[in-house]
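Asker: from the sequence below, what's the structure:
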Amino acid sequence: MSHIPPLDPNVAARKGFRESEERLKRFWASADVRAEGQGWLLLLDGRAPKTPAGNRFVLPTEAAARLVCEEWAAQGEYIDPATMPATRLAATAIDRVSQAREPVADEIAAFAGSDLLCYLADEPGSLVEEQVRQWAPWRDWAARTHEIVLEPVHGIVHRPQDPAAIARVRALALGLDDFTLTGLAMAVPLLGSAVLGLAVQQGAIGGEAAFDISRIDEAFQERRWGVDSEAAERTSARRAEAALLERWFKALT
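Answerer: Now for the predicted structure:
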């Protein structure tokens, strides 16, 4: 997810552009989208920019294409890759996930084997109660909606889960298109939970709400010991990523 696509391969080559060494100036005036076959193409001044692998940005829905387009239109004098998460998602889906669907699904399914929602604290009681109250409904949702039955445990000792549940998560991931699969592959590690990732992907819970559920332990420690500015910034950035993923999934439907 770390590569931002060259805006125009010819310009990038002419400038000898490398993200780590040189900031690339904005060289287009307008960004727009256009219907292209069964999808929607991103355009800069009427021309199609390329992904790192040299593919065009063709997205499956107009809403998803416009989400990417908004990022390009919002750039200032210099390109800021950190403000282009939807662009990174699109490029990753086109260049990488489309070529590695099964390994990506395997990684998502592996999270179900050690899902955050299954590891309750030993103590204090108030934290355990909050985890049970917030996490049990989503384990129940996974079991009821997708027959993904995961068993909780107290403490950090690993508890193997039913291989059938893990296989079900993998099958659900493989049933997604490349762009949705890419979003899920980002949501699951962000939340530490295949269950919460699937719930956001399917619109059962919002991205920020899922993020808050995923960090109950962190929030408990913050209330007890406080939080420094760097940790607050990291949390804010991760929450924004969760919110973007919710928008991404909605745009793909």
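Asker: drop to CA atoms for contacts and neighbour counts, all remaining ones
Answerer: Will do.
Asker: now this structure, which segments are flagged as low pLDDT?
Answerer: 1-21 (pLDDT under 70).
Asker: could you pull out the helices for the protein?
Answerer: 9-15, 62-73, 85-95, 101-112, 125-146, 163-174, 178-191, 194-201, 207-214, 216-225, 229-252 (DSSP state H).
Asker: gap between the residue positioned nearest the centre of the chain and M84?
Answerer: Centroid-nearest residue in the chain: M186, 3.1 Å away (criterion: Cα atoms, centre = their mean). Distance, M186 to M84, using Cα to Cα, to the nearest Å: 15 Å.
Asker: ok, A219 next?
Answerer: Going from A219 to M84 by Cα to Cα gives 28 Å.
Asker: and what of A251?
Answerer: From A251 to M84 the distance is 16 Å (Cα to Cα).
Asker: was I right to think A64 contacts L252?
Answerer: Yes. At 5.8 Å, A64 counts as touching L252 under the criterion of Cα atoms under 8 Å.
Asker: between these two, who's got more neighbours?
Answerer: Neighbour count, other Cα atoms under 10 Å: between A64 and L252, A64 has more, with 25 against 17.
Asker: give me the number of residues near the closest residue to the more buried one other than its chain neighbours?
Answerer: Setting aside the residues directly before and after it, A64 is nearest to A251 in space (Cα to Cα, 6 or more residues apart in numbering), at 4.8 Å. Neighbours of A251 under the rule other Cα under 10 Å: 17.
Asker: let me see the contact set for A251.
Answerer: With contacts defined as Cα atoms under 8 Å, 6 or more residues apart in numbering, the neighbours of A251 are T61, E62, A63, A64, L67.
Asker: tell me which of those residues is nearest to P152?
Answerer: Nearest to P152 among the contacts of A251 is A64, at 36.5 Å by Cα to Cα.
Asker: and the gap between the closest one and A187?
Answerer: 17 Å.
Asker: still on that earlier bit, more neighbours: A219 and M84, which one.
Answerer: Between A219 and M84, counting by other Cα under 10 Å, M84 is the more crowded of the two (19 against 16).
Asker: which residue, other than its chain neighbours, is closest to that one?
Answerer: For M84, the spatially nearest residue (Cα to Cα, 6+ apart) is E71, at 5.6 Å.
Asker: how deep is the one you found tucked in, by neighbour count?
Answerer: E71, neighbours per other Cα under 10 Å, totals 17.
Asker: ok, it to D32 distance?
Answerer: Counting by Cα to Cα, the gap from E71 to D32 is 11 Å.
Asker: how about P163?
Answerer: With distances taken as Cα to Cα, P163 is found 46 Å from D32.
Asker: out of the two, which sits in the more crowded spot?
Answerer: More crowded of P163 and D32, by other Cα under 10 Å: D32, with 19 against 15.
Asker: how much space between D45 and A73?
Answerer: 11 Å.
Asker: so what sits against both of those two?
Answerer: The contact lists of D45 and A73 share S30, A31, where a contact means Cα under 8 Å, 6+ apart.
Asker: more neighbours: which of the two?
Answerer: A73 (16 against 13).
Asker: roughly how far apart are the more buried one and T87?
Answerer: In this view, A73 and T87 are 12 Å apart by Cα to Cα.
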